[in-house]
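Asks: no FASTA, just this:
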């Protein structure tokens, strides 16, 4: 691998990386014996800042200790059609802020706070919110002197604004659920004229941070040093902060991405959750440092309510959390009895951002389902994926050449293991020039794709945001000519080091750049591409080797003259947006795209999938992947997964098997490994382990009808595919902290085995009125307690909830394409009342016809009073299907039936042969031929 880099950017030493799992030394030799490690991004905590090294965090901690308060000027209140506005003044500086309160449909409140008269506009995030929000007029009610009450008109939601000190209480159903600025931590640094441009009089007026010259350097007002880097700040200090008190709440979740527990932990000073998209190779687990993506959205849950806080800010953000549990205090004894006072639990959340404005959405629920709908009406729902993308993906850095691709593809067929997508990493290109092919390794990419097409499979290739500086590379020259790169503060193109060597970075925040980039995916432009080629956006935090924290300098300049610091966390979001649009455009708007992105922001779900980045082949990374995916799922990004087997290092066979078993029940299912690892295609592990991996992957394909239906629900109703237990059981406190098991939809509970040599796992089966079944053995358990489940290496603890119907495929093909017309089975698990319900969604699996022409089937499957009914769940949809239900398995049928008959919509009845097992209480129906799109009934007498 050759990386042609200028000597000024490269250390003249070999870089050796010692992995926890294995000693790895991988270097790329360049001319003049200059080298860059292929693991150049290896994790080193000294490369990344903790809170103590972040100047705006230090400033806010210092200033807030001075107890500076704000007062609302309620005589300045004006009520418009969409919002109510008033001024807030800092009692110390007398500088005014402008507050705007909006009521938004679905019980959402929006609060914006900006400078009343800024020197120039402050950055506001665009393109995340979907369209114009539907506002509801807030009505001013009578308040006490010094207060204002705003109501949504329905009486469900009230906003109590207290003037002095400024505070907002959010009241829902007569309960204060949230208070804003009750701790007095509102903080707002006003833009200033740079010191060199000020007159003497203006210097006297400057009151943003009153410090000595010595302190100014420490607090990083106009310059901030980190290592060898100096961040020169054209706008000076501009940070913001605000506190929220969540009354009665002890459990908070969200704000991905961190390699941490699902339930957020209390933070200490200097230990805040950091939201700052960074390329952290082999990230440490149980750490609050920011990694690849950021969703500034936090959820809180208690027995009777779920609420959310969406902090719309794309600059570096820190979140502090402090939970005080409920307590009971004995007051001073008066008389014969001691009085006791109960104090409700409370969680205080403080948001701190480097720049921008305060723009926060308060989601009031009250149910988890309501919260998902509220958030999706702001940022959009999960894009409906093409069916192939729910199959298994085979990836490696890198498959060597066309012969290697052919051999791996054949290997899957020879070993009867289904898969859908072959992936190519950076080595497929000509010297890391994206949109090209290495002429020696991949001389005929179309022929290679036709081979995959003949197997009804797809190809995914990588396209990163850095563009090699090369005057002979058309993508570079065209972008440079049009001024499409991010610029330096001096005005030239920003240049940094990444895989190709010296690179410039496309400015995806510019709509014209996105339009141009989308056009690069057109078939005439992207030579060698076909309609089965899809895209992987990597390194788009953006990653800049040897940049500050391995990313772009914060004072780089984007479209609109905005500094990179203002929008860092949204950079990757924009690349994925442009890529998805490019794939849609190349099909003239007909075909759904598939784009995987490493970096993401709120709303990235609209464009495709994300994953958890460069994990390590260790048991602890398998274990932490579950809470990481649960956190992504509840913050809108349902299409998520972790690299099966671990990207870094060589997993032992047992770990690899367990990871495949877990990944098979997670939304995005891809095996991936770095170039320094041993090859690990499933059949290389030996017969026994290959068989176990085959079974895991085949079970994934069996479940595809259920998974695809779940993705449709995520797309339409925003319910996550992979769910923490508390979502399905919101009134069971025992579920609130569980993160080693999860629900796949509402019907399946999955408890992956994440410990080596396990022979027993403890599984909590929720719901005192629930019954749970093992769909393999038909064993059943009552819910509401923990059960011990014996496990061997072939055991995957999966339980079907009583009262559910899970649609499956009865046969598995080489890929999803081979299974389009194969028959269905129904796994029906009866509730304690003897009923069950489920649904099936079906369309062509690849186009937008389900949306534009309503070409889909949405069926409701209901078993009640001994009759199974297949009926239409959405009359708008029409889709011809030859598929039939061939098999039905009923779990929990306590009495052997005397007869089973099918009844078609024309009234014709047909007797059905059946097998009943009294020992397992199961009824099995086979050799049926019930069209999936027709109305019919099955009567069990």
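Replies: Yes, it's here. The structure presented is a predicted model; accordingly, all values stated were derived computationally and were not measured.
Asks: Contacts only, for the nearest residue to residue 390 once chain neighbours are set aside.
Replies: Excluding its sequence neighbours, the residue lying closest to residue 390 (C-beta to C-beta, 6 or more residues apart in numbering) is residue 707, at 5.4 Å. C-beta coordinates here come from the backbone N, C-alpha and C atoms, glycine included. Contact analysis of residue 707 by C-beta atoms under 8 Å, 6 or more residues apart in numbering lists 390, 667, 721, 744.
Asks: Tell me the secondary structure at residue 707.
Replies: helix (DSSP: H, G, I helix; E, B strand; the rest coil).
Asks: Distance of it relative to residue 850?
Replies: 16 Å (C-beta to C-beta, to the nearest Å).
Asks: do residue 196 as well
Replies: 60 Å.
Asks: Compare these two (neighbour count), which wins?
Replies: residue 850 (23 against 6; other C-beta atoms under 10 Å).
Asks: Pretty sure the more buried one sits in a helix.
Replies: Yes - under three-state DSSP, residue 850 sits within a helix.
Asks: can you map out the strands along the stretch 651-800 of the chain?
Replies: Ranges of strands in the stretch 651-800 of the chain, per DSSP state E, counting those that start in this stretch, are 670-671, 722-723, 742-744, 748-750, 760-765, 771-773, 780-782, 785-790, 798-801.
Asks: Which one, of the ones you listed, ends up nearest to residue 106?
Replies: strand 722-723 (20.6 Å; C-beta to C-beta).
Asks: for that closest one, packing partners?
Replies: Where contact means 3 or more C-beta pairs under 8 Å, 6 or more residues apart in numbering; DSSP states H and E, strand 722-723 is packed against helix 619-634, strand 742-744.
Asks: Out of those, flag the one nearest residue 563.
Replies: Closest among those, using C-beta to C-beta: helix 619-634, at 28.3 Å.
Asks: Now the terminal residues of stretch 140-148, how far apart.
Replies: One end of stretch 140-148 to the other measures 7 Å (C-alpha to C-alpha, to the nearest Å).
Asks: related to what we said a few turns ago, now for the contacts of residue 707, which sits with the most neighbours around it?
Replies: residue 667 (26 neighbours).
Asks: if I look at the residue nearest to residue 525 when sequence neighbours are not counted, how far off is residue 606?
Replies: Once flanking residues are discounted, residue 525 sits nearest to residue 519: 6.2 Å by C-beta to C-beta, 6+ apart. Relative to residue 606, residue 519 is positioned 20 Å away (C-beta to C-beta).
Asks: Now tabulate the strands of the stretch 651-800 of the chain in TSV and tack on distance to residue 523 and mean pLDDT.
Replies: Formatted as TSV, these follow (distance: least, C-beta to C-beta, whole Å; pLDDT from 0 to 100):
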stretch	distance to residue 523	mean pLDDT
strand 670-671	26	98
strand 722-723	35	98
strand 742-744	37	99
strand 748-750	40	99
strand 760-765	50	98
strand 771-773	49	98
strand 780-782	54	98
strand 785-790	52	98
strand 798-801	42	98
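Asks: In a markdown table, list those strands along with distance to residue 276.
Replies: Shown next, in a markdown table, are the strands of the stretch 651-800 of the chain (distance: least, C-beta to C-beta, whole Å):
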| stretch | distance to residue 276 |
| --- | --- |
| strand 670-671 | 26 |
| strand 722-723 | 25 |
| strand 742-744 | 27 |
| strand 748-750 | 32 |
| strand 760-765 | 35 |
| strand 771-773 | 41 |
| strand 780-782 | 44 |
| strand 785-790 | 39 |
| strand 798-801 | 37 |
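Asks: Can you tell me which of these is nearest to residue 83?
Replies: Going by C-beta to C-beta, the one of those nearest residue 83 is strand 722-723, 34.7 Å.
Asks: Neighbouring strands - and their directions - for that closest one?
Replies: strand 742-744 (antiparallel) (DSSP bridges).
Asks: What about residue 880, how many residues nearby?
Replies: Residue 880 - counted by other C-beta under 10 Å - has 8 other residues nearby.
Asks: contacting residues for it?
Replies: Residue 880 touches residue 933, counting by C-beta under 8 Å, 6+ apart.
Asks: how does it look with 6 Å?
Replies: Listed by C-beta atoms under 6 Å, 6 or more residues apart in numbering, the contact set of residue 880 is empty.
Asks: likewise residue 850?
Replies: 843, 856.
Asks: swap the cut-off to 8 Å and go again
Replies: So residue 850 contacts 384, 843, 844, 856, 877, 879 (C-beta under 8 Å, 6+ apart).
Asks: Out of those residues, the closest to residue 646 would be?
Replies: Nearest member of the contacts of residue 850 to residue 646, counting by C-beta to C-beta, is residue 384, at 30.0 Å.
Asks: Next, find the distance separating the closest one from residue 809.
Replies: Distance from residue 384 to residue 809, by C-beta to C-beta: 19 Å.
Asks: is it true that residue 439 lies in a helix?
Replies: No - read with three-state DSSP, residue 439 is coil and lies in no helix.
Asks: Is it correct that it is in contact with residue 428?
Replies: No - using C-beta atoms under 8 Å, residue 439 is not in contact with residue 428; the gap is 11.1 Å.
Asks: low pLDDT regions in the protein?
Replies: 1-43, 45, 143, 200-217, 329-341 (pLDDT under 70).
Asks: if we go to 50?
Replies: Scanning the chain for pLDDT under 50 picks out the ranges 1-36, 38-41, 207-211.
Asks: Distance of residue 914 relative to residue 805?
Replies: 17 Å.
Asks: let me fix that: residue 397
Replies: Residue 397 is 41 Å from residue 805, by C-beta to C-beta.
Asks: Over to residue 707?
Replies: Taking C-beta to C-beta, one finds residue 707 at 15 Å from residue 805.
Asks: what does residue 64 give?
Replies: Residue 64 is 55 Å from residue 805, by C-beta to C-beta.
Asks: which of the two has more neighbours?
Replies: Using other C-beta under 10 Å as the criterion, residue 64 and residue 805 rank with residue 805 on top: 25 against 17.
Asks: and the more buried one, what helix or strand is that in?
Replies: strand 804-809 (DSSP states H and E).
Asks: which other helices and strands contact that strand?
Replies: Looks like strand 804-809 contacts helix 687-702, helix 704-717, strand 824-829, strand 836-842, strand 857-864 (3+ C-beta pairs under 8 Å, 6+ apart).
Asks: quick one, it and strand 857-864 angle?
Replies: Computed by axes from the mean of the first three to the mean of the last three C-alpha atoms, to 10 degrees, the angle separating strand 804-809 from strand 857-864 equals 130 degrees.
Asks: could we number from 49 for the rest of this?
Replies: Understood, numbering begins at 49; the last thing we discussed is strand 852-857.
Asks: What lies in contact with strand 852-857?
Replies: 749-754, 757, 794-796, 823, 848, 867, 870-877, 884-888, 909, 911.
Asks: what's the answer for stretch 726-736, then?
Replies: 442, 444, 456, 459-460, 462-463, 465, 693, 698-699, 701, 704-705, 708, 719, 721, 737-738, 741-742, 745.
Asks: Name the residues of it that come out as buried.
Replies: 728, 729, 730, 731, 733 (16 or more other C-beta atoms under 10 Å).
Asks: Can you tell me which of those is closest to residue 597?
Replies: Checking the buried residues of stretch 726-736 one by one against residue 597 (C-beta to C-beta), the nearest turns out to be residue 728, at 31.4 Å.
Asks: Any chance of the backbone angles for that closest one?
Replies: phi -140, psi 30 (degrees, to the nearest 10).
Asks: Distance-wise, check it relative to residue 706.
Replies: To residue 706, residue 728 is 14 Å away according to C-beta to C-beta.
Asks: and if you look at residue 790?
Replies: Counting by C-beta to C-beta, the gap from residue 790 to residue 706 is 16 Å.
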